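Participant: sequence first, then the predicted structure:
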Amino acid sequence: MVALEPMLPEQFNEWLQLSVKEYAESKTKSGNVAAEKAREDSAREFKELLPDGLNTADSYIFNATDEESNHIVGTLWIKIRSEQREVFIYGIRMSEDFRGKGFGKQTLQALEAFIKERGFPLIISLHVFGDNEIALNLYRSVGFEATNIRMSKVISG
């Protein structure tokens, strides 16, 4: 089973750099924005969402740790959005060596337990890029349903 443990300060900068990079790449890949602008936008958005890093109010950044092996198998970033009465997943990432082994599902199950234990709002929301079939399948497998769908079509000249 996966346990959620607070990320340590010495791990934060590496996580932040990787997260900003991957988010920018996803934005570019999905056709939302050119690569250079995506990097700038991604860095700005992370700075706005985590102005105090690990100490940002209502934000939790966890290491997802396999309790059996004690290996960190991934990370999870959530924010409690009291006004919307929801817990929003800003990022979930499983390390490449641990993908496809059930750790993503276990991380989401550990999140549900964390939320219930603390009496947080019982709605979990997230954003996922439409081309990320692996993530879409994971979220569907644990009961997430689409609430909004934005679609695009590129017309070539």
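Facilitator: Yep, that arrived. Every value quoted in this text rests on a predicted model; they were computed, and no experiment measured them.
Participant: for Ser26, give me the backbone phi and psi.
Facilitator: In terms of degrees, to the nearest 10, the main-chain angles of Ser26 are phi -70, psi -40.
Participant: from Gln84, how far out is it?
Facilitator: 23 Å (C-beta to C-beta, to the nearest Å). Every residue, glycine included, has its C-beta placed from N, CA and C.
Participant: who has more neighbours, the two?
Facilitator: Ser26 (16 against 11; other C-beta atoms under 10 Å).
Participant: show me which residues of the helix or strand harbouring Leu111 are buried.
Facilitator: Per DSSP states H and E: Leu111 is located in helix 103-118. Neighbour-count burial for helix 103-118, counted by 16 or more other C-beta atoms under 10 Å, picks out 103-104, 106-108, 110-111, 114-115.
Participant: ok, stretch 52-60 next?
Facilitator: 54, 59-60.
Participant: helix, strand, or coil at the residue most central in space within the chain?
Facilitator: What sits nearest the mean C-alpha location of the chain, by C-alpha atoms, centre = their mean, is Gly91, with 1.2 Å. Secondary structure assignment for Gly91 (DSSP: H, G, I helix; E, B strand; the rest coil): strand.
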